[in-house]
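Asker: Let's see this in three dimensions:
(chains A and B)
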There are 2 protein chains.
Amino acid sequence: MTAPVIVLVRPQLGENIGKAARAMLNFGLTELRLVAPRDGWPNPSAGPAASGADIVLENARVFGTTAEAVADCAHVFATTVRKRGVTKPVLTPEQAAGDIRSASGRSAILFGAERSGLDTEDVALSRAIVTVPINPEFGSLNLAQAVILLAYEWSKGANLIQPTATEALPPAPQAELEALIEHFEMLLEPTGYFTPAERVRATKRTLRGVLTKPGWNSLEIRTLRGVLSALARR
Amino acid sequence: MTAPVIVLVRPQLGENIGKAARAMLNFGLTELRLVAPRDGWPNPSAGPAASGADIVLENARVFGTTAEAVADCAHVFATTVRKRGVTKPVLTPEQAAGDIRSASGRSAILFGAERSGLDTEDVALSRAIVTVPINPEFGSLNLAQAVILLAYEWSKGANLIQPTATEALPPAPQAELEALIEHFEMLLEPTGYFTPAERVRATKRTLRGVLTKPGWNSLEIRTLRGVLSALARR
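Answerer: You can find the predicted model right below:
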């Protein structure tokens, strides 16, 4: 059982990064990654808010993009408050924690910026969405609260002996999936597939969705890369 | 199923009372009671920290003693971070929430002051103790966080919006999958991908496995057929 990585995407206030670190360490999570923190890193406001969880802040790693931050992760979960128009599985924190505990390969949980949350591109990277079921008339969960609920759920099974999940190979690291998607895009570019221009982003997102869904393992991705190379020889 | 009353015993900062109110309302709890709040009541710092959960603050009731605050409750739970030398049942938040949901009569959950927690007299009033299982090397849960974890657990059995399972379409009929596989094979045939001859069956089986695994729906299969047609135009 591998503890998940907590990824804060474009966090704004250092104070909230510190609070998230504190929330994590309470439930035994120590690996924090930051994607493009607005005020740079390190941030002097983070330490005091962490109330002693300095080890988490000291070991935090900074990345320029979400894709880079999850490149070594086999399972990426996106937390969103509201449901989006995305056709991905939507899990409760409890279900997601169960999946993470029984998964082979490491998991990342993405949390968006304080007000805006994750954007569509970040969600598109993920295999599943995690939504905290909340009062429909008052949904006001802040960043550290969302982190603590996920960390708390994960910790429930942390010291239980889990049956070994499966002998199947785990999904390939995200970087391999990205390379496959790029390979597709590179080959499709000259064919006129990505037209008209104003539809390019949506078309690429659709393709990404199709290729992200399977959770292919490394061997399967290698097979597909071979298929693409063969098609390119035509 | 009766929602529990949240009782803050001798809370110090108005800000923390506001945060507790916000935490409660997120998970559908509205009844807040305050025992001897240090800075009196109402407290001007509470409102801003409640981030809109004003209704909870407006309806909060103030009592002089814990006993008065829980006089109308049939089940009293005391939250403590560490186990004390008391001979009472010790429950996880999950177990306590289950007990509260199935109890007849109303329940109260007591939370102590920010640093000192509940004192022995308050715990003595309670039928059971609730302790959040926490990192033994770093236990640093603040008042609002303790409230949110209990409220969250309680809400699991309440009728808050659950994330709707998924809008995902079902996997496409097998015939559509077969057509996709054939499309791949047809395009790959002239490229020399299926060589040497004695490996053809195994290679086709591998490709079929990769394409069968995802369980793509009809839209996704149509997308991939479009991708293949575009690649064929190269």
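
Asker: farthest residue from the center of chain A?
Answerer: A:Arg234 (36.6 Å; Cα atoms, centre = their mean).

Asker: so that residue makes contact with B:Gly192?
Answerer: No - judged on Cβ atoms under 8 Å, A:Arg234 makes no contact with B:Gly192 at a distance of 10.1 Å. Using the backbone N, CA and C atoms, a C-beta is placed for each residue, glycine as well.

Asker: got the contact list for the residue farthest from the centre of chain A?
Answerer: B:187, B:190-191, B:231-232, B:234 (Cβ atoms under 8 Å, 6 or more residues apart in numbering or on different chains).

Asker: A:Glu94 and chain B, how far apart?
Answerer: Noted for A:Glu94: a distance of 7 Å to chain B, by Cβ to the nearest Cβ, to the nearest Å.

Asker: Would you confirm that that residue contacts A:Trp154?
Answerer: No - using Cβ under 8 Å, A:Glu94 makes no contact with A:Trp154, being 9.9 Å away.

Asker: Quick check: the residue farthest from the centre of chain A is in a helix.
Answerer: No - counting by DSSP: H, G, I helix; E, B strand; the rest coil, A:Arg234 is not found in a helix; it is coil.

Asker: thought A:Val200 was touching A:Tyr193?
Answerer: No - between A:Val200 and A:Tyr193 there is no contact under Cβ under 8 Å: 9.7 Å.

Asker: So, low pLDDT: which residues of chain A?
Answerer: A:82-86, A:159-168 (pLDDT under 70).

Asker: Which parts of chain A are strands?
Answerer: Counting by DSSP state E, the segments of chain A that form strands are A:5-9, A:32-35, A:61-63, A:75-79, A:90-91, A:107-111, A:128-130.

Asker: Relative to chain B, tell me which of those strands wins on proximity.
Answerer: Closest to chain B of the strands of chain A, according to Cβ to the nearest Cβ: strand A:90-91, at 4.0 Å.

Asker: Pull up the pairing partners for that closest one, direction included.
Answerer: Each strand paired with strand A:90-91, and its direction, by DSSP bridges: strand A:128-130 (parallel).

Asker: buried residues in the partner strand?
Answerer: By neighbour count on 16 or more other Cβ atoms under 10 Å in any protein chain shown, the buried set for strand A:128-130 is A:128-130.

Asker: which one of those residues sits closest to A:Ile181?
Answerer: Nearest to A:Ile181, judged by Cβ to Cβ, of the buried residues of strand A:128-130 is A:Ala128 at 17.9 Å.

Asker: from memory the closest one sits against A:Pro89, does it?
Answerer: Yes - using Cβ under 8 Å, A:Ala128 is in contact with A:Pro89, at 4.5 Å.

Asker: more neighbours, A:Glu94 and A:Trp154?
Answerer: Taking other Cβ atoms under 10 Å in any protein chain shown, A:Glu94 and A:Trp154 do not tie; A:Trp154 has more neighbours (26 against 20).

Asker: wait, what's in contact with the more buried one?
Answerer: Contacts here follow Cβ under 8 Å, 6+ apart; on that basis A:Trp154 touches A:3-4, A:27, A:29, A:97, A:100-101.

Asker: Ok, which of the strands of chain A comes nearest A:Leu211?
Answerer: Among the strands of chain A, the nearest to A:Leu211 by Cβ to Cβ is strand A:75-79 (13.6 Å).

Asker: quick one, domains of chain A?
Answerer: A:5-156, A:174-232 (the TED database).

Asker: just these: most buried one?
Answerer: Between these, domain A:5-156 has the highest mean count of neighbours, a mean of 20, where neighbours are mean count of other Cβ atoms under 10 Å in any protein chain shown.

Asker: For it, what is the distance to the chain centroid?
Answerer: With Cα atoms, centre = their mean, to the nearest Å as the basis, domain A:5-156 stands 8 Å off its chain's centre.
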